[in-house]
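J.: Here is the input, now give the coordinates:
(one chain, ligands or ions: 2)
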Amino acid sequence: MFNIFKKRHTENTSSENKSKPTLRERLTKSREKIGDSLSSLLLGKKSIDDDLLEELETILISADIGLKTTDQVIESVRQKSSRKDLSDPSSLYNLVKEELLSIIVEDNEMSEINAKPFVILVVGVNGAGKTTSIGKLAKSFQQAGKTVMLAAADTYRAAAVEQLKVWGERNDVPVVAQSTGSDAASVIFDAYDSAKAKGIDILIADTAGRLHTQKNLMQELEKIDRVIKKQDPQAPHETMLVVDGTAGQNALNQAIDFNKLLNITGITITKLDGTAKGGVLFSISNELKLPIRFIGVGEGIDDLRVFNAKKFVDAIFN
Ligand SMILES: Nc1nc2c(ncn2[C@@H]2O[C@H](COP(=O)(O)OP(=O)(O)OP(=O)(O)O)[C@@H](O)[C@H]2O)c(=O)[nH]1
Ligand SMILES: [Mg+2]
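T.: Ligands and ions are numbered 1, 2, ... in the order given. Predicted structure coming up:
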């Protein structure tokens, strides 16, 4: 059901896109930390030796790629460069680029399930960018010709419901909410009924930010899951974890922990436009083997991009 969505993004060359900053422009910091650092490293180097690989290792780690994934990349680069008998250090640039591209799990088609409503449950720690991403997603789906409804299941703060309503109003998307303090699962239950009755295509549920260590809050997510399954045993059709790209290796640890407790099916990484070094995307993808669906590259409504591994890597390697 998400093929249309994918198509829109590959075909969209309309005037709306002309003013839209390129991915390259938005990923400046990541490019500095990865592509540019690698170029400088290779400048004037005569051969690929252990010292060079050690310096490469430092670059990857300081770009947030993480120890485990860095080790893997270095090992593979070491083997390939000796096997192919690469003596020219400049060939290392493309080798590292290819290696990083190969570890990304990309899939923007979500599920094959043709459910109506298709339910997307959005989870993550406080401030990761869940609500903002939902607002942006709602617009994208609408532009792809889908009808969307939002469920305000972050019932802890009145401001959270208000924030979602603002996004709903901007896009003219209905938002189902209850009073502060009400049961999150019941909000989603009601929203599902309403979406079903109205023939809505996609229901996106916002949830309160939480840490994996907050047992009662994690139980709340389990309850949401249980309750929604009474309406559709296959729902939620997507459990999307949103992580903050600027959180570096903490983002990786959060993703690992959430994935242990919930059946996460896709990941969105936000705030890659800011000080994020970008490397965390590789380590999350490599260690969780879960698809990256979207990336957030700004606060505006058009700043959530369908993730494309090749475009991402091209943008951070000049
Ligand atoms: N620069 C930038 N800022 C972003 C991006 N995504 C979200 N933000 C900002 O991050 C802040 C937090 O976003 P929210 O969407 O409220 O985060 P949340 O996960 O819903 O937070 P809680 O509901 O408190 O758990 C807001 O100021 C957003 O504008 C992004 O891709 N880039
Ligand atoms: Mg929120």
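J.: What is the burial count for residue 69?
T.: 23 (other CB atoms under 10 Å). Where you see a C-beta, it was placed from the backbone N, CA and C, and this is true even at glycine.
J.: I'd like the distance between the closest residue to residue 201 other than its chain neighbours and residue 305.
T.: In space, and not counting its chain neighbours, residue 201 is closest to residue 146: 4.2 Å by CB to CB, 6 or more residues apart in numbering. Separation of residue 146 from residue 305 (CB to CB, to the nearest Å): 18 Å.
J.: roughly how far apart are the residue nearest to residue 201 and residue 86?
T.: Distance from residue 146 to residue 86, by CB to CB: 48 Å.
J.: for residue 115, same thing?
T.: For residue 115 relative to residue 86 (CB to CB), the value is 49 Å.
J.: repeat for residue 217
T.: Taking CB to CB as the measure, residue 217 falls 51 Å from residue 86.
J.: And the pLDDT at the residue of the stretch 101-250 of the chain found nearest ligand 1?
T.: Ranking the residues of the stretch 101-250 of the chain by distance to ligand 1 (CB to the nearest ligand atom) places residue 209 first, at 2.3 Å. Note on residue 209: pLDDT of 97.
J.: a strand runs through it, doesn't it?
T.: No - under the criterion used here (DSSP: H, G, I helix; E, B strand; the rest coil), residue 209 is coil, not part of a strand.
J.: Disregarding residues adjacent in the polypeptide, which is nearest to it?
T.: residue 126 (3.1 Å).
J.: Next, the one you found: secondary structure please.
T.: Taking three-state DSSP, the label given to residue 126 is coil.
J.: Tell me who's in contact with the residue of the stretch 101-250 of the chain closest to ligand 1.
T.: Listed by CB atoms under 8 Å, 6 or more residues apart in numbering, the contact partners of residue 209 are 124, 125, 126, 127, 128, 130, 154.
J.: Might one say that the fifth one is in contact with residue 267?
T.: In this case it means residue 128. No - using CB atoms under 8 Å, residue 128 makes no contact with residue 267, being 10.8 Å away.
J.: overlap in contacts of the two?
T.: Joint contacts of residue 128 and residue 267 (CB under 8 Å, 6+ apart) are 242, 243.
J.: could you pull out the strands for the stretch 51-200 of the chain?
T.: With strands called from DSSP state E, counting those that start in this stretch, the stretch 51-200 of the chain shows them at 118-123, 148-153, 175-176.
J.: tell me the secondary structure for residue 206?
T.: Judged by three-state DSSP, the three-state class of residue 206 is strand.
J.: so who does it touch?
T.: By CB under 8 Å, 6+ apart, residue 206 lies in contact with 122, 130, 131, 134, 150, 151, 152, 153, 154, 160, 164.
J.: ok so, going back, who wins for neighbours among the contacts of residue 209?
T.: Highest neighbour count within those, by other CB under 10 Å: residue 130, with 28 neighbours.
J.: pLDDT at that one, what is it?
T.: pLDDT, residue 130: 98.
J.: what's it in contact with, if anything?
T.: Counting by CB under 8 Å, 6+ apart, residue 130 touches 122, 123, 124, 206, 207, 209, 242.
J.: what's around the second one, how many residues?
T.: What that stands for is residue 123. Counted with other CB under 10 Å, residue 123 comes out at 24.
J.: from what I can see it touches residue 239, true?
T.: Yes - if you go by CB under 8 Å, residue 123 and residue 239 touch, sitting 6.6 Å apart.
J.: what do these two both touch?
T.: Both residue 123 and residue 239 are contacted by 262, 264, under the criterion CB under 8 Å, 6+ apart.
J.: tell me the contacts of the residue nearest the centre of the chain?
T.: Nearest to the geometric centre of the chain sits residue 268, at 1.5 Å (CA atoms, centre = their mean). Residues counted as contacts of residue 268 (CB under 8 Å, 6+ apart) are 129, 133, 240, 241, 242, 243, 292, 293, 294, 295, 296, 304.
J.: Tell me the pLDDT of the residue lying closest to residue 308 once chain neighbours are set aside.
T.: Distances taken as CB to CB, 6+ apart place residue 106 nearest to residue 308, at 6.8 Å, with adjacent residues excluded. Per-residue pLDDT puts residue 106 at 77.
J.: Contact partners for residue 106?
T.: Contact analysis of residue 106 by CB under 8 Å, 6+ apart lists 291, 292, 307, 308, 309.
J.: surely residue 148 meets residue 140?
T.: No - between residue 148 and residue 140 there is no contact under CB under 8 Å: 9.3 Å.
J.: which of the two has more neighbours?
T.: Neighbour count, other CB under 10 Å: between residue 148 and residue 140, residue 148 has more, with 26 against 20.
J.: May I have the beta-bridge partners of that one?
T.: Applying DSSP bridges to residue 148 gives these bridge partners: residue 202.
J.: Tell me which residues touch it, please.
T.: 138, 141, 142, 171, 173, 200, 201, 202, 203, 204.
J.: Quick one: mean pLDDT for stretch 235-249?
T.: The model assigns stretch 235-249 a mean pLDDT of 95.
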